[in-house]
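S.K.: Let's see this in three dimensions:
(one chain, ligands or ions: 1)
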Amino acid sequence: MKVVVIGAGIVGTCCGWHLAREGHAVELVDPLPPGCGTSFGNAGILSYSHVLPVGHPGVLRALPRLLLRRDSPLRLRWGYLPVLAPWLLRLLRAARPGRFEAHARALHALVSRAEAAHEAVIEACGLRHLVRASGWLKVARDGDAFDRETAWERRFLERFGVPHEVVAGARLRELEPALVPEVRRGLFLPRERRVVYPLDYTRGIFADLERRGGRWRQARVASLRVESGRVRAVVTDRGTLAPELVVLAAGVFSRELLRPLGLAIPLEAERGYHATLPAPAAGPGPERPVLALEDGFLLAPMKDGIRLTTGIELASPYAPPDFRPLRRLVARVGRWLAGIEPRILGEWIGYRPCLPDSLPVIGFAPRCENLLLAFGHHHLGLTLAAVTGRIVADLVAGRDPGLDLAPYRADRPFV
Ligand SMILES: Cc1cc2nc3c(=O)[nH]c(=O)nc-3n(C[C@H](O)[C@H](O)[C@H](O)COP(=O)(O)OP(=O)(O)OC[C@H]3O[C@@H](n4cnc5c(N)ncnc54)[C@H](O)[C@@H]3O)c2cc1C
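M.R.: As a prediction, this is how the structure comes out:
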């Protein structure tokens, strides 16, 4: 079939790759080259241990403190509150007992398939050199803060039997010699992998997609023309396309294209920033991503230096970035790792596409037989892209994807 994939982020690229592998003629449509949206600037973690939804009771309890604290990992642009309020209410409802456990199970169903799906991509595209079996370390300077920040996560890791280790003393230093002595405790997740540079990873998959006959068309999709339950035309700023199948993978911007079709998906951006810092001139840099729990930032080794990524800013994806909090965090890196100069080489903002139940939308659009949806991967888009692509290819081929897709439907209640 002639397939148009709207959005050439890691999710769209993986969907396109899977479909091209099955012989379809795939065109990725995006004003940006593959991998240059939110997929460009993430922390690069293949987070195979992530089973805790954002909406859980621990977050509910911490919310007032998180919203009011200066330099909190969670920031809200208060002017956006009237727009955001319905989404926030759904997030609060998602955290209620019974609900969040169901979301965690549905998240686990995807995450537990993510590694095999990435392995298939890595093998077929020859990307082994871009991936490190590093694990992920979440550290605290203070024991109480460690317990507070990781209690819920550890409970869920136990429940789903995900390997993890609480580390301190010599074991902590052995894992990360660059940690300053004041850092006392850590949660080590040994199954996590890291990609050395997210853009190279998406580009590597796209290069193989091109070898299989796929291509990228530089255009912005303005609308989808739907008649008699089918997309008849994809209208772009550079002409109109008439594919047989459309995959919508435009991250947080997918909602704009669906609204005229009568599909109101509560998709919001959890905005995140990064700063690139120079790699240490002397001594070891971090071997693996290190999350500084009390300050709420993450330091990830990348090929171009150390990438400091931030927590969540709740604001419109169209609002201008505010880099000031990021700069204040950069000044605090010395509290965590020795030898890293707090000098900013580059700054960036991205938009995690988030639904209140922390689950993506994957599946055919209601009442539209040739429109597939693949967006809303929140903090896990890199992790879940390959398994999403595989599921999309299964659905197109009429194969059983091997898991219940009801939790990811576009017409679910979203709590
Ligand atoms: C700071 C930060 C750190 C993160 N760390 C991690 C991590 O370590 N591990 C992990 O798994 N995830 C992480 N994430 C999340 C991850 O980056 C996202 O979930 C993922 O990039 C989403 O991919 P996507 O392909 O859906 O979206 P995008 O990468 O945003 O791609 C969507 C594409 O759609 C295009 N588009 C939009 N509108 C249109 C239109 N009208 N027509 C055509 N094209 C359009 C955009 O230009 C864009 O290229 C992080 C995110 C942030 C912000």
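
S.K.: What helix or strand is residue 19 located in?
M.R.: In the assignment (DSSP states H and E), residue 19 maps to helix 10-21.

S.K.: And stretch 131-148, what's buried?
M.R.: Judged by neighbour count using 16 or more other CB atoms under 10 Å, the buried positions of stretch 131-148 are 131-132, 134-141, 146, 148. Where you see a C-beta, it was placed from the backbone N, CA and C, and this is true even at glycine.

S.K.: As CSV, those with distance to the ligand and secondary structure would be great.
M.R.: Formatted as CSV, the buried residues of stretch 131-148 follow (distance: CB to the nearest ligand atom, whole Å; DSSP: H, G, I helix; E, B strand; the rest coil):
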residue, distance to the ligand, secondary structure
131, 13, strand
132, 13, strand
134, 12, coil
135, 13, coil
136, 9, strand
137, 13, strand
138, 13, strand
139, 16, strand
140, 20, strand
141, 22, coil
146, 21, helix
148, 22, helix
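
S.K.: Make JSON lines out of those and add pLDDT.
M.R.: Below are those laid out as JSON lines (pLDDT from 0 to 100):
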{"residue": "131", "pLDDT": "98"}
{"residue": "132", "pLDDT": "97"}
{"residue": "134", "pLDDT": "95"}
{"residue": "135", "pLDDT": "97"}
{"residue": "136", "pLDDT": "97"}
{"residue": "137", "pLDDT": "98"}
{"residue": "138", "pLDDT": "98"}
{"residue": "139", "pLDDT": "98"}
{"residue": "140", "pLDDT": "98"}
{"residue": "141", "pLDDT": "97"}
{"residue": "146", "pLDDT": "96"}
{"residue": "148", "pLDDT": "91"}
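
S.K.: and of those residues, the nearest to residue 211?
M.R.: residue 131 (19.9 Å; CB to CB).

S.K.: Identify the residues contacting that closest one.
M.R.: Each residue near residue 131 by CB atoms under 8 Å, 6 or more residues apart in numbering is listed here: 46, 118, 122, 193-196, 201.

S.K.: ok, back up a step: which members of the buried residues of stretch 131-148 define the maximum pairwise distance?
M.R.: 131 and 148, at 32.4 Å, using CB to CB across the buried residues of stretch 131-148.

S.K.: Which pLDDT does the model give residue 147?
M.R.: We have a pLDDT of 95 for residue 147.

S.K.: One more: the one 10 residues further on?
M.R.: According to the predicted model, the pLDDT of residue 157 comes to 95.

S.K.: What residues does it make contact with?
M.R.: 49, 51, 163-164, 189.

S.K.: what about it, distance to residue 362?
M.R.: 24 Å (CB to CB, to the nearest Å).

S.K.: Please apply the same query to residue 244.
M.R.: Applying CB to CB to residue 244 and residue 362 gives a distance of 20 Å.

S.K.: between these two, which one's more packed in?
M.R.: Between residue 244 and residue 362, residue 362 has the larger neighbour count (other CB atoms under 10 Å), namely 28 against 13.

S.K.: Thank you kindly, that will do.
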